[in-house]
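Undergrad: this is a predicted model, with the sequence first.
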Amino acid sequence: ALLEDERHPLPVRWLGARALPPGRGPPPDYPEPMEVRVLGPVTVEPSTSASPLGKRARALLAELALSGDSEPAPDELVARVWPTPPPDPLGALAGLRAQLGEIPVLMTDVARFTDLTGRAEAEAAAGDLAGADAILGQALALWRGEALEDVRDTPYLQSEARRLTGLRLGVLEDRLDLGL
């Protein structure tokens, strides 16, 4: 299938990006990490180019950021990023790769959200309900709209949007349970 196409050889981790686990920064020898924000429309900081990224490039970055350390095969990336496969899937992936430029490390607002909710849980367990409430407020402030709202036109990204929305609702419920 796609991996056997010799016209566009791509290593399995073809983009060369690594996602960081929550609460961990990049190694000291890495350049500035890129943050992919998916808790709303997909945005990238710092920007990868002078021109805005297209919808498929943003969908690809979102998918890679959400997949963490797993390494989806190119044919899986195509299924996750395009509603219908392009005529030359590997060529299309290579085109997106060229559009994105160098991406050494990916961070996400989801990782920050998860880190904050974990910190809030620890504060609540220690009896600091006001501190837990404040931290949950910080986590909820990361949301800028519906998760992946501008790219969720594939089953994978729709599923991820539902999962992330469930996490948001859980945090809202936790705040209500704090009773503050």
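TA: Everything's here; your move. Numbers count the residues shown, from 1 in each chain.
Undergrad: now Pro41, what's its secondary structure?
TA: Secondary structure, DSSP: H, G, I helix; E, B strand; the rest coil: Pro41 is coil.
Undergrad: which residue sits closest to it, ignoring its sequence neighbours?
TA: Spatial nearest neighbour of Pro41, excluding adjacent residues (Cβ to Cβ, 6 or more residues apart in numbering): Asp150 at 4.3 Å. For glycine as for every other residue, the C-beta is placed from the backbone atoms N, C-alpha and C.
Undergrad: identify the residues contacting that neighbour.
TA: Contacts for Asp150 (Cβ atoms under 8 Å, 6 or more residues apart in numbering) come out as Pro41, Val42, Lys55, Arg58.
Undergrad: can you give me the strands for the protein?
TA: 18-19, 34-37, 43-45, 105-108 (DSSP state E).
Undergrad: mean confidence score for the helix of greatest length in the chain?
TA: Longest helix in the chain, counting residues (DSSP state H): helix 155-178. Averaged over helix 155-178, pLDDT sits at 96.
Undergrad: which of the residues in that helix are buried?
TA: For helix 155-178, burial by neighbour count (16 or more other Cβ atoms under 10 Å) applies to Tyr156, Leu157, Glu160, Ala161, Leu164, Leu167, Arg168, Val171, Asp174, Arg175.
Undergrad: could those go into JSON lines alongside distance to Ala132?
TA: As requested, the buried residues of helix 155-178 are arranged in JSON lines below (distance: Cβ to Cβ, whole Å):
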{"residue": "Tyr156", "distance to Ala132": "33"}
{"residue": "Leu157", "distance to Ala132": "31"}
{"residue": "Glu160", "distance to Ala132": "27"}
{"residue": "Ala161", "distance to Ala132": "26"}
{"residue": "Leu164", "distance to Ala132": "21"}
{"residue": "Leu167", "distance to Ala132": "16"}
{"residue": "Arg168", "distance to Ala132": "17"}
{"residue": "Val171", "distance to Ala132": "11"}
{"residue": "Asp174", "distance to Ala132": "8"}
{"residue": "Arg175", "distance to Ala132": "9"}
